[in-house]
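Undergrad: fold the following for me, if possible:
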Amino acid sequence: MQAKKTYQQFITGLFLLFIFLIGYLREAMFLVINAVYEKKEFPYNSAYITPPDFLYQWSDTTLLYLKWGLTLFFSLIFTGLTLWLIHYYFKIKKYNQFTILIYGTLILFAATISIIGIIINSFDNVYTLSRFVIGLVQSPLVSLVLFTLFYFISSQHKTKHA
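TA: Down below sits the predicted model:
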């Protein structure tokens, strides 16, 4: 039984590292795309990655569509990875549901703020808040917070019933 728990902890640790790696790759991609969009030459992106030549041939509109598509993609990736992590380690349906609720709320809030900004022709004024919220969804932070929260709750529950 102890070997199985140790294996589970090892896989969980690797998976958390994988989530952080995906977060780094996402950040590097966006830094490169933003550098091209803002017409900055290498090495004026903090990832110090030379942008591929084809990005310089794309229009600003195409780059914005790419960023929106990647935002959706990474939002779904982080939601799925976090849900898998929580399910794999805890196997508690309520934790899975809470994870979906948190990610769904963050995504819905960011989308609502953006839509309101577009409707009232004031998207520039709400972009920073919307970007911050959707940025949380696309980062390892929510995964780490939820995992820590559920770990603490589970530890407290085991202590009370021991």
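
Undergrad: from residue 124, how far off is residue 146?
TA: Look at residue 146 and residue 124: by CB to CB, to the nearest Å, they are 32 Å apart. For the C-beta atoms, the positions are set from N, CA and C on the backbone; glycine is no exception.

Undergrad: compare the two (neighbour count), which wins?
TA: The neighbour comparison of residue 146 against residue 124 (other CB atoms under 10 Å) goes to residue 146, with 19 against 8.

Undergrad: can you check the pLDDT for that one?
TA: At residue 146, the model reports a pLDDT of 98.

Undergrad: in the host helix or strand of it, what counts as buried?
TA: Counting by DSSP states H and E, the element that carries residue 146 is helix 140-160. The neighbour-count check on helix 140-160 (16 or more other CB atoms under 10 Å) flags 140, 142-143, 146-147, 150 as buried.

Undergrad: where does this structure have low pLDDT?
TA: Applying pLDDT under 70 to the chain flags residues 1, 42-47, 161-162.

Undergrad: residue closest to the middle of it?
TA: When CA atoms, centre = their mean is applied to the chain, the residue found nearest the centroid is residue 138 (1.8 Å).

Undergrad: now for residue 60: which residues touch it?
TA: By CB atoms under 8 Å, 6 or more residues apart in numbering, residue 60 lies in contact with residue 37.

Undergrad: ok, residue 35 to residue 75 distance?
TA: For residue 35 relative to residue 75 (CB to CB), the value is 22 Å.

Undergrad: sorry, back to before: from the buried residues of helix 140-160, which is closest to residue 93?
TA: Nearest to residue 93 among the buried residues of helix 140-160 is residue 150, at 12.1 Å by CB to CB.

Undergrad: against residue 121, how distant is that closest one?
TA: 42 Å.

Undergrad: could you do residue 92 as well?
TA: 45 Å.

Undergrad: same question for residue 34.
TA: 24 Å.

Undergrad: what about the two, which has more around it?
TA: Legend: neighbour count by other CB under 10 Å for residue 34 and residue 121, higher for residue 34 (17 against 8).

Undergrad: hey, where'd the helices end up in the chain?
TA: Assigned by DSSP state H, the chain shows helices spanning 2-37, 53-57, 60-90, 93-119, 123-137, 140-160.
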